[in-house]
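Engineer: need a structure here:
(one chain, ligands or ions: 2)
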Amino acid sequence: MKKVAILGSTGSIGLQALSVISSNPRRVKAAVLTCKSRVDVLRSQIKRFRPEAVVVERRQDALELRREYRDLKVYYGPEGLEEAAGAVDYDVLLNALVGIAGLRPTLAAIKRGGVTIALANKETLVTGGRIVMGAASEADVPIVPVDSEHSAIFQCLVGNLDNPIRRILLTASGGPFRGYDRARLEAVTLSDALIHPVWRMGRKITIDSATLINKGFEVIEAKWLFDVDASSIEVAIHPQGIVHSLVEFEDGALLAQLGDSDMRVPISYAFSWPDRWAIDSRSVDIIAMRSLYFEEPVGEARRSLDMAYRVVREIEESEGDSSAVVLNSADEELVELFLAGKIPFVAILDTMSEVLDKHIPRKIESIEDIMDIDLEARAAVRERWR
Ligand code: NDP
Ligand code: MG
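Structural biologist: Ligands and ions are numbered 1, 2, ... in the order given. From the prediction side, this is the model:
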């Protein structure tokens, strides 16, 4: 029986992870569940899944839960996430938090050791890639990606770990505004941006998919996970969402992982790895599909990617890792403003690009450095939209 700690169990990935657990009750059990503010959803999860520990955001909620459930360990606040990740007994930590809030809990799990990290929280690697991968390798803690593209690549690399990679091809749906020019993007609304053509996800990543900065983040994520230079990572628009990504080896062989767009597949794989478990996923009818197609990202679709590639170039040319944090944290702040109806859609990338242009890259030595840059980037965004 594997014990899983699910950080962010009330979110989109968290709920799908619990559905995977429900499909395999004899193989996997929830040991830790956490939420930020959706405490009522967490309460129903406590009743159904009987975890050993939970984490909530507010102290008040924690005190109430302690009164309600005498045997339950209840932690609270950002430190609570780290405490639970460091102390409770589990085999796999699924980090399904959103944003840079996921960074320290990932490190706490690595420090604890003897666990596997199933990583959905890509912000962990965008902001702290070098430190996190270094710590994981030193502690011999495997990081199994949950992001569908990276899970696809990870699956293609099984049995190929010693074979050099020639190229990684990340696929992208293109989001709801595929093919839009600047004038059309200026007119889009919040509700337009919240409709993703392929995936149902949390609000932050849905907006990131509409600006395509999500794919930029995934380039950075792939760089760290698979230890490749950005010059070997390409992005292909694939609106059908069936080919989840591809790897090319030195002999020209291209391996891909295909399947329905169902996040329970990469979540289940991260739990079961190196095995596979049965889940009630849909089989893809390739005959009915007739063809699969791919496009080059051009025009507005290149804007986010260009920013991400620029950031990675700075890292690879040893100018510093800090711009990746700026990209992440400016985006977190801008998406929040957009979701609150305070800025137009096009302001997200416009402001991000301005903030990035003003930032002078520097070396990151510690998590504290990352948190300082995070605050600077957020302040720069707020200064612009005061
Ligand atoms: P959601 O917004 O749906 O869920 C986020 C979860 O984290 C919720 O449980 C939320 O609690 C909790 N949470 C949010 N902020 C904090 C915080 N500051 N401190 C503590 N807990 C917090 O996000 P998703 O599930 O969509 O995404 C999670 C991660 O997975 C992201 O990094 C995303 O990029 C990545 N990902 C998601 C995919 C998807 O299909 N959804 C696909 C690929 C990657 P509460 O419910 O109380 O707000
Ligand atoms: Mg993805």
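
Engineer: which one is the closest residue to ligand 2 within the chain nearest to, not counting chain neighbours?
Structural biologist: At 4.2 Å from ligand 2, Asp147 is the closest residue in the chain, using Cβ to the ion. No exception for glycine: its C-beta is placed from N, CA and C like everyone else's. Among residues not flanking Asp147 along the chain, Lys122 sits closest, at 5.6 Å (Cβ to Cβ, 6 or more residues apart in numbering).

Engineer: And Arg104, by the same measure?
Structural biologist: Glu82 (5.4 Å).

Engineer: Please name the residues that touch Met292.
Structural biologist: Wrong residue type there; residue 292 is Leu, not Met. Going by Cβ atoms under 8 Å, 6 or more residues apart in numbering, Leu292 touches His238, Gln240, Ile242, Val243.

Engineer: In which helix or strand does Gly299 reside?
Structural biologist: In the assignment (DSSP states H and E), Gly299 maps to no helix and no strand.

Engineer: how about it, phi and psi?
Structural biologist: Main-chain torsions, Gly299, degrees, to the nearest 10: phi 60, psi -130.

Engineer: Now do the same contact list for it.
Structural biologist: Contacts of Gly299 (Cβ under 8 Å, 6+ apart): Gly179, Asp181.

Engineer: Please read off the pLDDT at it from the model.
Structural biologist: Model confidence at Gly299, given as pLDDT, is 89.

Engineer: repeat for Trp199
Structural biologist: So, for Trp199, pLDDT stands at 82.

Engineer: Tell me, how many residues neighbour it?
Structural biologist: Residues near Trp199, counting by other Cβ atoms under 10 Å, number 16.

Engineer: Where does it sit: helix, strand or coil?
Structural biologist: coil (DSSP: H, G, I helix; E, B strand; the rest coil).

Engineer: so it makes contact with Asp262?
Structural biologist: No - under the criterion of Cβ atoms under 8 Å, Trp199 is not in contact with Asp262, lying 9.2 Å apart.

Engineer: Could I get the buried residue list for the helix or strand hosting Leu349?
Structural biologist: Secondary structure assignment for Leu349, by DSSP H and E: helix 345-358. Residues of helix 345-358 classed as buried by neighbour count (16 or more other Cβ atoms under 10 Å): Phe345, Val346, Ala347, Ile348, Leu349, Thr351, Met352, Ser353, Val355, Leu356.

Engineer: what's the closest of those to ligand 1?
Structural biologist: The closest of those to ligand 1 turns out to be Ile348 (Cβ to the nearest ligand atom; 15.5 Å).

Engineer: Just the pLDDT for the residue lying closest to that closest one once chain neighbours are set aside.
Structural biologist: Closest residue to Ile348 apart from its sequence neighbours, by Cβ to Cβ, 6+ apart: Leu334 at 4.6 Å. Here, the pLDDT recorded for Leu334 equals 98.

Engineer: what does the stretch 1-150 of the chain put close to ligand 1?
Structural biologist: 8-14, 35-38, 57, 96-99, 101, 120-123, 147 (Cβ under 6 Å from any ligand atom).

Engineer: the strands in the protein, which residues?
Structural biologist: 2-7, 28-34, 53-56, 73-76, 92-95, 116-119, 143-145, 165-172, 233-237, 243-249, 254-258 (DSSP state E).

Engineer: In JSON lines, list those along with mean pLDDT and mean neighbour count.
Structural biologist: JSON lines is the format used below for the strands of the chain (pLDDT from 0 to 100; neighbours: other Cβ atoms under 10 Å):
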{"stretch": "strand 2-7", "mean pLDDT": "98", "mean neighbour count": "25"}
{"stretch": "strand 28-34", "mean pLDDT": "98", "mean neighbour count": "25"}
{"stretch": "strand 53-56", "mean pLDDT": "98", "mean neighbour count": "26"}
{"stretch": "strand 73-76", "mean pLDDT": "98", "mean neighbour count": "20"}
{"stretch": "strand 92-95", "mean pLDDT": "98", "mean neighbour count": "27"}
{"stretch": "strand 116-119", "mean pLDDT": "98", "mean neighbour count": "26"}
{"stretch": "strand 143-145", "mean pLDDT": "98", "mean neighbour count": "24"}
{"stretch": "strand 165-172", "mean pLDDT": "98", "mean neighbour count": "21"}
{"stretch": "strand 233-237", "mean pLDDT": "98", "mean neighbour count": "20"}
{"stretch": "strand 243-249", "mean pLDDT": "98", "mean neighbour count": "22"}
{"stretch": "strand 254-258", "mean pLDDT": "98", "mean neighbour count": "16"}
